[in-house]
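Chemist: Using only what follows, build the 3D model:
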Amino acid sequence: MHNDVAPRSGFEAVSFAARMKELGYGPYAEIDVLVPEFVALSNLAKEEPWFPLVTKLASPDHVALIDRGGGAYIILLKKGVKNPPSEKKTPPKKKPAGR
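Modeler: Okay, the predicted model is just below:
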């Protein structure tokens, strides 16, 4: 499912934005929350007109809001946020099947 106000060709059937606007519950806003490090690695994102703003606005000091127009926004998270190390769990050894 996608929240795109103007979905790419082929994604119209899986975007719920048009239906939400039809229902008329009030203004509809498309909000995407992006991690700068992930966006930088995405070839698809690099084709987007907003991509240069991501590279310009990404900062370790603040979150940024990009107004894409037409009720579409990007919340760009802080750059360099570290994930805590995950505990590596060793799966239990399987017992040999009995005879």
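
Chemist: for the chain, what spans make up the helices?
Modeler: 17-23, 36-41, 43-46, 51-57 (DSSP state H).

Chemist: and of these, who's closest to A64?
Modeler: Nearest to A64, of all these, is helix 51-57, at 4.1 Å by Cβ to Cβ. Glycine gets a C-beta too; all of them are placed from N, C-alpha and C.

Chemist: Give me the below-cutoff pLDDT ranges for the protein.
Modeler: Filtered on pLDDT under 70, the chain yields the residue ranges 1-2, 81-92, 97-99.

Chemist: Now do the buried residues in stretch 51-59.
Modeler: Neighbour counts over stretch 51-59 (16 or more other Cβ atoms under 10 Å) mark L53, V54, L57, A58 as buried.

Chemist: what's the closest non-adjacent residue to the first one?
Modeler: It stands for L53. Nearest residue to L53, sequence neighbours excluded (Cβ to Cβ, 6 or more residues apart in numbering): I66, at 5.3 Å.
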